[in-house]
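# sequence and computational prediction follow.
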Amino acid sequence: MLRDILEDDPRPLAVARMIAEAVPDILVLQGVDYDAGAATLNALAETATEAGAPDYPHRFALPPNSGQATGLDLDGDGRLGGPRDAMGYGRFAGQGGMAVLSRFPIDADAATDLSDLLWDDLPGAIPPEPPFPDPETAAQRRVSSTGHWIVPVTVGDEVLHLMTWSATPPVFDGPEDLNGRRAHDETALWLRLLDGALAVPAPPAPFVILGLGNIDPVDGEGRAEAVNALLDDPRVQDPAPRSAGGMAAADPEHVGDPALDTADLDGPGNLRLSVLLPSADIAVRDAGVLWPAPDTPQATDLGPVEDWPRHRLVWADITLP
């Protein structure tokens with residue numbers, strides 16, 4: 001990703017234009033390669049500023065599970081060292097991590113990283129049965145394919161807790177449904193946290209649960225029970241972000257409202273895979289998905305659609321209590 005940014009690849013430039021169009025105060029990013037010196041994140045932030053976005057002096061990232069070598073045969077193919085043998089899919093350490101850019105101070109020392117929680121230690125987890133590929137190997141697998149973070153941001157006199165994650169797609173596996181079950185439990189982790197079922201306490205409100213759950217509540221493949229439970233949980237509110245572009249790209253075979261879709265994917269079609277759920281005490285003024293309809297001035301300003309990220313930018317304007 002750093003190479004692509006430095007070489008002015010059109011894809012990161014399209015991301016930069018979207019950030020400049022949305023002008024967020026706090027931005028949570030998925031799919032950003034991690035490096036110890038934050039060279040990739042800094043380059044992306046600077047590219048966005050050059051495109052017209054505000055400066056983001058506060059930046060946060062932790063090493064993700066994606067690409068983290070395990071020395072285990074996690075995919076059961078009899079070989080070691082493949083991308084699916086990493087703790088989360090990745091061809092190199094740090095591939096496709098997460099990051100936060102903010103105009104407000106981030107309390108990095110108070111951030112909580114839940115990414116090392118073992119899958120077997122998540123209450124109510126549904127890993128493959130019998131354990132795949134074998135009990136000893138399966139016992140070392142973590143819930144998070146990328147990460148689960150709780151990141152405090154100081155906004156005036158308030159502390160807003162960002163609860164973010166990036167789940168695995170519920171496909172690219174075998175009859176054991178490893179990825180489908182894992183993606184379900186990556187979302188279910190937040191429900192268990194709010195219920196007080198984990199060793200780590202849930203953060204106080206106000207908070208926002210936002211990230212890539214990778215399972216549509218209605219359409220596509222995947223076990224949708226956890227994401228629907230989260231969307232319906234009274235401790236959060238679903239502002240139902242919408243877009244004209246999602247509506248224009250409606251898949252006639254899908255049941256869900258296409259205006260709520262957040263991803264444009266080859267094969268499964270457009271799906272609602274990202275969520276942004278403020279706690280119930282937060283006032284939501286507006287929300288949407290930055291996905292303009294074709295041939296509109298906004299779509300033209302964002303550049304060729306083939307350069308846009310598959311996962312569109314989801315936003316909400318909020319007022320803290």
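Yep, it's here.
# what's the distance between T296 and I209?
31 Å (CB to CB, to the nearest Å). Heads up, the C-betas are built off the backbone N, CA and C, glycines and all.
# please disregard the earlier target; I meant P268.
Distance, P268 to I209, using CB to CB: 24 Å.
# who's more crowded, the two?
Counted by other CB atoms under 10 Å, P268 and I209 do not tie: I209 has more neighbours, with 25 against 17.
# tell me how far that one lies from M1.
Here I209 is placed at a distance of 25 Å from M1 (CB to CB).
# with G303 instead?
For G303, the distance to M1 - CB to CB - is 18 Å.
# my read is that A61 contacts L101, right?
No: between A61 and L101 there is no contact under CB atoms under 8 Å: 9.7 Å.
# so what sits against both of the two?
Common neighbours of A61 and L101 (criterion: CB atoms under 8 Å, 6 or more residues apart in numbering): L41.
# of the two, which one has the most company?
Set A61 next to L101 and count neighbours by other CB under 10 Å: L101 wins out with 26 against 23.
# surely E253 meets N270?
No: judged on CB under 8 Å, E253 makes no contact with N270 at a distance of 10.9 Å.
# looking at the two, which is more packed in?
In this view E253 and N270 are compared by other CB under 10 Å, and N270 has more residues nearby, 27 against 7.
# what helix or strand is that one located in?
strand 269-271 (DSSP states H and E).
# repeat for L29
strand 26-32.
# other residues contacting whichever helix or strand comes after that strand?
Reading on from strand 26-32 to the C-terminus, the next helix or strand found by DSSP H and E is helix 39-50. Contact with helix 39-50 is made by 1-2, 5-6, 12-13, 15-16, 19-20, 29, 32-34, 55-56, 59, 61, 99, 101, as judged by CB under 8 Å, 6+ apart.
# and those residues, which of them are in strands?
L29, V32, R59, A99, L101 (DSSP state E).
# quick one, what contacts the last one?
In this case it means L101. Listed by CB under 8 Å, 6+ apart, the contact partners of L101 are I26, L27, L29, L41, A45, A48, Y56, H58, R59.
# which one of those sits closest to L194?
I26 (20.9 Å; CB to CB).
# residues near the closest one, how many?
20.
# isn't it up against R103?
Yes: contact status for I26 versus R103: in contact at 7.2 Å, counting by CB under 8 Å.
# in what helix or strand does the closest residue to W190 other than its chain neighbours lie?
Closest residue to W190 apart from its sequence neighbours, by CB to CB, 6 or more residues apart in numbering: I209 at 5.6 Å. Mapping I209 onto the secondary structure by DSSP H and E places it in strand 207-212.
# after that strand, which helix or strand is next?
helix 225-232.
# name the residues that touch that following helix?
The contact list for helix 225-232 (CB under 8 Å, 6+ apart) reads 184-185, 187-188, 190-191, 209, 213, 215-217, 236, 238, 275, 277.
# from these, which two are the most distant?
Largest pairwise distance in the contacts of helix 225-232, by CB to CB, is 20.6 Å, between D185 and D238.
# who's more crowded, these two?
D185 (21 against 17).
# is it correct that the more buried one is in contact with W119?
Yes: with contact defined as CB under 8 Å, D185 counts as touching W119 (6.7 Å).
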